[in-house]
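> Sequence plus the predicted model coming up.
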Amino acid sequence: MSVYVGNLSYDATDEDLKTAFAKYGNVKRVQVPNDRETGRPRGFAFVEMDTEEEETAAIDGLDGTELMGRNLKVNKARPREERGGGGRK
């Protein structure tokens, strides 16, 4: 499972998130999705940590805190929903 980080500054990097989350445990991976058309960050990220306990500690410790001028929204990531292909028949 991973942690969802919302209301993220567009200037925040993977390293900024690793630094913030490392206080709560080992960060396995950080993913900051970019917009396909503009290439700019989309304002949210996903962070994976070693254990669920570390993820819970990070959520409790970081939700509502300020990073780069924005108050973070941090919670458990929901599984990705299946979306239709968008093609016409």
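In hand now; what should we look at?
> Might you calculate how far stretch 11-26 sits from the centre of the chain?
In terms of Cα atoms, centre = their mean, to the nearest Å, the centre of stretch 11-26 is found 10 Å from the chain centre.
> Buried residues, it. List them.
Going by neighbour count (16 or more other Cβ atoms under 10 Å), the buried part of stretch 11-26 is 12, 16, 17, 20, 21, 24, 25. From N, CA and C alone the C-beta is placed, and that goes for glycine too.
> all strands for the protein, in order.
According to DSSP state E, the chain carries its strands in the segments 3-6, 27-31, 45-49, 66-67, 70-71, 73-76.
> Could you dump those strands into JSON lines and include distance to residue 56 and mean neighbour count?
Below are these laid out as JSON lines (distance: least, Cβ to Cβ, whole Å; neighbours: other Cβ atoms under 10 Å):
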{"stretch": "strand 3-6", "distance to residue 56": "9", "mean neighbour count": "20"}
{"stretch": "strand 27-31", "distance to residue 56": "14", "mean neighbour count": "16"}
{"stretch": "strand 45-49", "distance to residue 56": "9", "mean neighbour count": "21"}
{"stretch": "strand 66-67", "distance to residue 56": "19", "mean neighbour count": "14"}
{"stretch": "strand 70-71", "distance to residue 56": "20", "mean neighbour count": "14"}
{"stretch": "strand 73-76", "distance to residue 56": "9", "mean neighbour count": "16"}
